[in-house]
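1. what shape does this take:
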Amino acid sequence: MFSFFKRKKAPAPQESALEQGAASGAPEAVDAPEVAPVAPTELPDAWVARAGESGASAGAAPAPADGQPAAAEPVAEFVSGAESASVDAPVQPPDAWSDRPDEAADPLARLDLSARDAAASAPASSGSWLGRLRRGLSRTGQSLGGLFTGVKVDETLFEELETALIMADAGVEATEKLLAELRARVRRQRIEQPEAVRAALRDILAEHLKVLEKPFVVGEAAPMVVMIAGVNGAGKTTSIGKLAHALRERQASVLLAAGDTFRAAAREQLVAWGARNGVTVIAQEGGDPAAVAFDAVNAGRARSADVVLVDTAGRLPTQLHLMEELKKIKRVIGKADAAAPHEILLVVDGNTGQNALAQIRAFDAALGLTGLVVTKLDGTAKGGTLAAVAAGSQGVRPVPVYWIGVGEGMQDLQPFVAAEFADALLGGPESGKG
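-> Residues are numbered from 1 along each chain as shown. Next comes the predicted model:
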C-alpha cells in the first residue's frame, strides 16, 4: 500500500539564488559559468531549459566536505510547463479518498491508499491488472495449474509439483518448505480433490510470500530521497518514470535526478518521462553522477518536493569499480541530507531467474537495500524467484518487494500483493477476491 501526507499548501514560485541569498543575509554566490542552451530538437516544445537554478544554488550552499564532489558543474534543469503552471493550485484529494472524512478534515493526516484501493478506483476493463499479471505468469501458471487436472491426490502429484516448482525458479529451499506444509495440510484436513489441493497450495504460497509485502510510506521525510539501482537492461529508468506517475496520481510532488550520466540517451529518456508526468528533471551532460544526486537533493528541499527519485547507471555486481561508484553516490546523498537516502531500491528483471538472487545479494551487501521492483513479468518470466527470495535462498535476505511490472504502460507498475501473485502463479480458474 501507499501512505502519504497531503501538503498544506503548494510552495510559492521559487526566487532566484541571489534574491534568496540577499533575503537570508548570506553572501552573494559567485556567478556560475553559463551552460549552453539545449537545442530545441532535444526536448519537447513544452519544456524550457534552465541552468544554475537548482536547489543547490538557492541560498548559500555548504562547502563540500571530505569525500563530496567539489565544485560540481552547473546542472541543467528541465522544468515542465505544466508543472510550473500548476504550482499554486490547491491539492484536491481523489474521489477514492472521499469516504475518509476524518482525513479530509485534517490536511496533515496520513492517507493510506492500498493496492486494493487503487484497483477499486481504476476503471473496470477486460485488461485488468490481475488479468495482465495472470497472462504474464501464464508459463508457470500452465505448468503448475495443469498438474491438478484429472489426477489423484497421491505421492505422484506431490513429486510432479516438486519438479514444477523447481523449474519455475522457486529453488530447492522454498520448494521443500512449501510442499512440507502442503502435505501436512492435506493430511490434517483430509483433502481428496485436486482443486482443493490447488487452493491449499495457493494459500500456503501467499502466506510464504507475505514477508515480501510491505507498504511504501511517503511523508516521513521532506523530501524523501529514493536511490534506484539495477543491472543493465533491467528496466530501471522506465520503472522510475512509472513510479513517478504512480506518486503523482496520489498527489505527491516528485523531482527526478538523471544520475545515469554514462548510458547514451539515458538523460533524454528520463527527461521524456518527466515531460509525460509533468515533473522536474535535474540533469547534466556527462559529469559526476554523485554531483547530480547532490544537487537534486538540495533542489528537492528548496522546492518542498515530497519525493526525489535518483536514477543511477546500470552496472553488473562483478564490476567492482562501478559498485564502488554506487557507494560513493550513496555517501554524497548523505552529505546533502544526513538521513538520506531513505529508500534504496533495486530493479530486478523478472526473466533472470535464479540469477536475480546473486544480484540482490551483491547490491544488498554494497548498499543495504530497502526494497525491490520486479519488472518484465509480461513475457517468459517464471515468477518463482520471489518464493526463493522469501525463503532466504542462497544467503539472500528477504528484501521487500514494493512493486511489480507487467507491461510498458503508465499503469503497469503496481504494488506487490502476495495473495494476487500466488493466485497468478498457480494459474487455473479465477479465485474469489475481496
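2. any low-confidence regions in the protein?
-> 1-127, 129, 139-140, 379-381, 428-434 (pLDDT under 70).
3. which stretches of it form strands?
-> Remark: strands assigned in the chain by DSSP state E are 2-5, 47-51, 76-80, 110-113, 216-217, 224-230, 254-257, 280-283, 307-311, 343-349, 371-375, 401-405, 413-415.
4. which of the ones you listed sits closest to Glu192?
-> Closest to Glu192 of the strands of the chain, according to Cβ to Cβ: strand 401-405, at 34.5 Å. Bear in mind the C-beta positions are built from the backbone N, C-alpha and C, glycine included.
5. need the strands of the chain in JSON lines (columns: distance to Gly136 and mean neighbour count).
-> Below are those laid out as JSON lines (distance: least, Cβ to Cβ, whole Å; neighbours: other Cβ atoms under 10 Å):
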{"stretch": "strand 2-5", "distance to Gly136": "22", "mean neighbour count": "19"}
{"stretch": "strand 47-51", "distance to Gly136": "34", "mean neighbour count": "17"}
{"stretch": "strand 76-80", "distance to Gly136": "31", "mean neighbour count": "22"}
{"stretch": "strand 110-113", "distance to Gly136": "23", "mean neighbour count": "18"}
{"stretch": "strand 216-217", "distance to Gly136": "21", "mean neighbour count": "20"}
{"stretch": "strand 224-230", "distance to Gly136": "19", "mean neighbour count": "26"}
{"stretch": "strand 254-257", "distance to Gly136": "27", "mean neighbour count": "30"}
{"stretch": "strand 280-283", "distance to Gly136": "30", "mean neighbour count": "27"}
{"stretch": "strand 307-311", "distance to Gly136": "24", "mean neighbour count": "30"}
{"stretch": "strand 343-349", "distance to Gly136": "13", "mean neighbour count": "25"}
{"stretch": "strand 371-375", "distance to Gly136": "11", "mean neighbour count": "25"}
{"stretch": "strand 401-405", "distance to Gly136": "9", "mean neighbour count": "24"}
{"stretch": "strand 413-415", "distance to Gly136": "12", "mean neighbour count": "23"}
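6. can I get those in JSON lines including distance to Ala299?
-> Putting the strands of the chain into JSON lines (distance: least, Cβ to Cβ, whole Å) gives the following:
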{"stretch": "strand 2-5", "distance to Ala299": "20"}
{"stretch": "strand 47-51", "distance to Ala299": "11"}
{"stretch": "strand 76-80", "distance to Ala299": "7"}
{"stretch": "strand 110-113", "distance to Ala299": "25"}
{"stretch": "strand 216-217", "distance to Ala299": "22"}
{"stretch": "strand 224-230", "distance to Ala299": "11"}
{"stretch": "strand 254-257", "distance to Ala299": "6"}
{"stretch": "strand 280-283", "distance to Ala299": "6"}
{"stretch": "strand 307-311", "distance to Ala299": "8"}
{"stretch": "strand 343-349", "distance to Ala299": "18"}
{"stretch": "strand 371-375", "distance to Ala299": "24"}
{"stretch": "strand 401-405", "distance to Ala299": "24"}
{"stretch": "strand 413-415", "distance to Ala299": "24"}
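7. just confirm Arg303 contacts Val279, I think it does.
-> No - in this structure, Arg303 is not within contact of Val279 by Cβ atoms under 8 Å, at 10.7 Å.
8. of the two, give the one with the bigger neighbour count.
-> Set Arg303 next to Val279 and count neighbours by other Cβ atoms under 10 Å: Val279 wins out with 25 against 20.
9. for the more buried one, which non-adjacent residue is closest in space?
-> Nearest residue to Val279 in three dimensions, chain neighbours excluded: Val254, at 4.7 Å (Cβ to Cβ, 6 or more residues apart in numbering).
10. who is that neighbour paired with across the strands?
-> Counting by DSSP bridges, Val254 forms beta bridges with Val307.
11. for Ser239, give its distance to Asp169.
-> Shown here: Ser239 relative to Asp169, a distance of 21 Å by Cβ to Cβ, to the nearest Å.
12. Asp412 now?
-> Applying Cβ to Cβ to Asp412 and Asp169 gives a distance of 22 Å.
13. which of those two has more residues huddled nearby?
-> For Asp412 versus Asp169, neighbours defined as other Cβ under 10 Å are more numerous around Asp169 (24 against 19).
14. backbone torsions only: list them for the more buried one.
-> phi 70, psi 20 (degrees, to the nearest 10).
15. that older thread, between Arg303 and Val279, what contacts are shared?
-> Listed as contacting both Arg303 and Val279 by Cβ atoms under 8 Å, 6 or more residues apart in numbering are Ser253, Leu255.
16. check contacts around Val197.
-> Val197 neighbours (Cβ under 8 Å, 6+ apart): Phe148, Val153, Leu157, Leu182, Val186, Ile191.
17. now swap in Leu133 and tell me
-> Each residue near Leu133 by Cβ under 8 Å, 6+ apart is listed here: Leu377, Ile404, Val406, Glu420, Phe421, Ala424.
18. how many neighbours does the fifth one have?
-> Phe421 has 25 neighbours, counted by other Cβ under 10 Å.
19. also the one 4 residues further on?
-> Neighbourhood size, Leu425 [other Cβ under 10 Å]: 28.
20. ok, it touching Ser143?
-> No - look at Leu425 against Ser143 with Cβ under 8 Å: they stay out of range, at 10.0 Å.
21. what touches both of the two?
-> Ala168.
22. residue contacts, the residue nearest to Thr149 when sequence neighbours are not counted?
-> Nearest non-adjacent residue to Thr149, counting by Cβ to Cβ, 6+ apart: Pro194, 7.2 Å away. Counting by Cβ under 8 Å, 6+ apart, Pro194 touches Phe148, Thr149, Gly150, Val151, Lys152, Val153, Leu157.
23. how about Leu426?
-> Contacts for Leu426 (Cβ under 8 Å, 6+ apart) come out as Gly141, Leu144, Gly145, Arg198, Leu201, Arg202, Leu205.
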